[in-house]
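Asks: using only what follows, build the 3D model:
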Amino acid sequence: MNRLLQIDWYDLQYTIDDYERTLYSFPVHIRVLMGVSVLFLILIIILLIIILSSRMYKTGLANKRKMLRKKYQPLFMKLLFEDESLMLSDRLESEFSREDLRKPYHRKILMKEIIHLHENFTGEAAARLELLYVKLGFHQDSLRKASSKKWYIAAKGMRELALMNVKEHYPDLSHFLNSKNEVLRMEARIAMMKLSADNPLSFLSQITEPLTAWDQANIYSMLNKMHDSKVPDFSKWLNSPNKTVVLFCILMIGAYRQRDSVNILISHLDNPDPKIRLETVKALKELSAHEAEEKVISMYHNQPDEIKLEILRLLEAAGRENSVKLFIEILETPVEEFSLSIQAVRSLIACTSDAEKVLQSVLPGREQELLPIVLHAKNKNL
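Replies: Predicted coordinates for the structure are as follows:
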């Protein structure tokens, strides 16, 4: 203390002034470099502190996660494979630490562990995990996520509800069906399919936003995993104002061979939209719908080439003797589109046993033009 009082503050001031004079004796660019070096040194120290703190924080979280898994693993095994009465009793929650259920991070880890186990089990074990998920109130956490204004959190919440089969929250997801966010729409549709007990595609009546190709692929994939009794009659949505729903349902009628819908499909051949007409012809081909023969023959000449080609393929699968006249017309006119002429020959061969005789009648005088087409059509390797 005495030494502090004995300091000559005037000498200290002179010392600082001497330092400043020494510093300013350097050229400007040297002083700038010294300043930048000091600044970078400070930034590096701050960055090191942040990195070390982050590393320590993440290590601490990892240790907590490992500790919680080790702590509850025996209980999970007991609940899954041994004590069924405990799962149904009121004392189930008491088996878990109140602190672990109260602290957000601990609760999050327990929730993730249950979901992870559910992904690896089926049958009774999966059903027990779903019950545990609800009894511990984790479904409310997922519902809060689904109500978040941040789309990625809302999507995660819907995915959790669907995965854990929380059917009572099915109505809460319907307002996402027409969200402007494509990811939210997709997650809502998938979740509602999983959570619907009897009619997994009922949402098709509600959607106004388009079904993307990815949506359609996901829905089709999920339908393939369901029992045949859950596959709906897709013709009920063929009058939907949503064009993408109509196109998807036409595709599904063909994929699931719903022959009862043939007459409704035939009525859609008059649709002004060429995309719908094209998909309708494709579906009728999948159904081998000979009932459509007369209609497609009459409309053939007024269609774009893509639809004409599909009509000829339909007639190859379902055409009869009535189609032969159309094939002769195509072969007798100058060849403009080789794919149509080739397909006409293939369809002719499939529809009549007199195909060779018919071909011989149209070849004279046009061998150079038609013979390569006939040979190409007959080659089964092409």
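Asks: now do the strands in the stretch 1-150 of the chain.
Replies: Per DSSP state E, counting those that start in this stretch, the stretch 1-150 of the chain carries no strands over any range.
Asks: quick check: which ranges of it have low pLDDT?
Replies: By pLDDT under 70, the low-scoring segments of the stretch 1-150 of the chain are 1-31, 83-84, 86-88.
Asks: leaving out chain neighbours, which residue sits closest to residue 153?
Replies: Among residues not flanking residue 153 along the chain, residue 145 sits closest, at 5.1 Å (CB to CB, 6 or more residues apart in numbering). Quick note: C-beta positions are derived from backbone N, CA and C, even for glycine.
Asks: also residue 285?
Replies: Closest to residue 285 by CB to CB, 6+ apart is residue 314, at 4.2 Å.
Asks: phi, psi of residue 90?
Replies: Main-chain dihedrals, residue 90, degrees, to the nearest 10: phi -80, psi -10.
Asks: sorry, back to before: from memory the residue nearest to residue 285 sits against residue 280, does it?
Replies: No. Under the criterion of CB atoms under 8 Å, residue 314 makes no contact with residue 280, lying 9.9 Å away.
Asks: those two: which is more packed in?
Replies: residue 280 (31 against 26; other CB atoms under 10 Å).
Asks: so where does that one fall, helix or strand?
Replies: helix 274-286 (DSSP states H and E).
Asks: list the buried residues in that helix.
Replies: Neighbour-count burial for helix 274-286 flags 276, 277, 278, 279, 280, 281, 282, 283, 284, 285, 286 (criterion: 16 or more other CB atoms under 10 Å).
Asks: quick one: the last one and residue 251 touch, right?
Replies: What it means is residue 286. No. Here residue 286 does not reach residue 251: they are 9.1 Å apart, not a contact under CB under 8 Å.
Asks: could you list the low-pLDDT ranges of the stretch 151-300 of the chain?
Replies: For the stretch 151-300 of the chain, counting by pLDDT under 70, not a single residue falls below.
Asks: how about the helices in it?
Replies: Here the stretch 151-300 of the chain has its helices, by DSSP state H, counting those that start in this stretch, at 151-163, 182-195, 213-225, 243-255, 262-267, 274-286, 293-299.
Asks: mind listing residues that contact the last one?
Replies: In this case it means helix 293-299. 266, 269, 281, 284, 311, 314-315, 318-320, 322-323, 326 (CB atoms under 8 Å, 6 or more residues apart in numbering).
Asks: just give me the longest helix of this structure.
Replies: Of all the elements of type helix in the chain, the one with the most residues (DSSP state H) is helix 28-81.
Asks: by contact count, what packs against that helix?
Replies: Judged by 3 or more CB pairs under 8 Å, 6 or more residues apart in numbering; DSSP states H and E, the packing partners of helix 28-81 are helix 84-88, helix 104-119, helix 123-135.
Asks: from residue 287, how far off is residue 280?
Replies: Separation of residue 280 from residue 287 (CB to CB, to the nearest Å): 11 Å.
Asks: any residues in contact with both of the two?
Replies: With CB under 8 Å, 6+ apart, residue 280 and residue 287 have common neighbours residue 265.
Asks: how about residues contacting stretch 158-168?
Replies: So stretch 158-168 is contacted by 114-115, 118-119, 129-130, 133-134, 138-139, 142-143, 145-146, 169, 173, 176, 184, 187-188, 190-191, 194-195, 197 (CB under 8 Å, 6+ apart).
Asks: what does stretch 300-307 give?
Replies: By CB under 8 Å, 6+ apart, stretch 300-307 touches 274, 277, 278, 281, 308, 311, 326, 337, 339, 340.
Asks: so the second one sits against residue 268, correct?
Replies: Yes. Here residue 277 lies in contact with residue 268, judged by CB under 8 Å, at a distance of 7.3 Å.
Asks: from the chain's centroid, how far away is the helix or strand harbouring residue 360?
Replies: Element membership for residue 360, per DSSP H and E: helix 355-362. Centroid separation for helix 355-362 versus its chain: 51 Å, with CA atoms, centre = their mean, to the nearest Å.
Asks: so what does that helix touch, helix or strand wise?
Replies: Partner elements for helix 355-362 (3+ CB pairs under 8 Å, 6+ apart): helix 324-332, helix 338-351.
Asks: packed most tightly, which of the ones you listed would that be?
Replies: helix 338-351 (a mean of 21; mean count of other CB atoms under 10 Å).
Asks: need the contact list for residue 245.
Replies: Counted by CB under 8 Å, 6+ apart, residue 245 has contacts 204, 207, 211, 237.
Asks: return the subset of those residues lying in strands.
Replies: Nothing among these maps onto strands, per DSSP state E.
Asks: and residue 349, what does it touch?
Replies: Applying CB under 8 Å, 6+ apart, the residues near residue 349 are 355, 377, 378.
Asks: what pLDDT does the model give the residue nearest to residue 285?
Replies: pLDDT, residue 314: 94.
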